[in-house]
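**Q** mind looking at a prediction? Sequence and model below.
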Amino acid sequence: EALARVGYVAVAKVALHRRERLALLRPRHGMLILQTLLWQDELRDPGDLASCAPVTDRELKLAEVLIRELTGIDVGEVHDEYAHALEQLVDAQITGGELVEPAQPAPALDLMAALEESVRAAKRAHGRPSVRHRP
């Protein structure tokens, strides 16, 4: 309650999995939320990760529209597909079932077309008319 009143968060050290971790404690809805952080030596210099391709104003505008349209996502609808696939693999090995090969990834998409379609789908889901962006 005191952290919430003063608008502060706390930095702490906690022991997890036989290892000391740096953590952030923040108040939320009458509880303390613990979020582990990386130590300074665990952070790597990103080097030159700047995009070699310039981002166009059109791409930025589409991304902004998509961000605005996708606010309020129900986190309960998002699932950990990796964990699900791993559980299926473990179950198949335990029961002696047949192991299924993973599906081949789909071919690469045109990212701008996919982004535009995502914006249109989000607008349809929110009952807003879709506007076609022209190059």
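**A** Yes, it's here.
**Q** from now on I want contacts and neighbour counts done on CA atoms only, so please keep to that.
**A** Will do.
**Q** who's in contact with Arg28?
**A** With contacts defined as Cα atoms under 8 Å, 6 or more residues apart in numbering, Arg28 is in contact with Ala4.
**Q** quick check: phi and psi at it.
**A** phi -160, psi 120 (degrees, to the nearest 10).
**Q** what's the pLDDT at the residue nearest the centre of the chain?
**A** The centroid of the chain falls nearest to Val78 when counting by Cα atoms, centre = their mean (10.0 Å). Note for Val78: predicted pLDDT of 80.
**Q** same question for Lys123.
**A** Confidence at Lys123, expressed as pLDDT, is 83.
**Q** same check on Leu109?
**A** Model confidence at Leu109, given as pLDDT, is 80.
**Q** mind checking the SS state of it?
**A** Assigned state for Leu109: coil (three-state reduction, DSSP: H, G, I helix; E, B strand; the rest coil).
**Q** now do the contacts for it.
**A** Applying Cα under 8 Å, 6+ apart to Leu109 gives no contacts.
**Q** would you mind measuring from it to Leu115?
**A** As defined by Cα to Cα, to the nearest Å, Leu109 lies at a distance of 10 Å from Leu115.
**Q** same thing with Asp91?
**A** When Cα to Cα is the yardstick, Asp91 and Leu115 sit 37 Å from each other.
**Q** hey, where'd the helices end up in the chain?
**A** Along the chain, the stretches classed as helices by DSSP state H are 2-6, 57-69, 81-95, 111-125.
**Q** averaged pLDDT, the shortest one. What do you get?
**A** What helix 2-6 shows for mean pLDDT is 92.
**Q** helices and strands around it, which ones?
**A** The criterion is 3 or more Cα pairs under 8 Å, 6 or more residues apart in numbering; DSSP states H and E, and the helices and strands that helix 2-6 contacts are strand 19-28.
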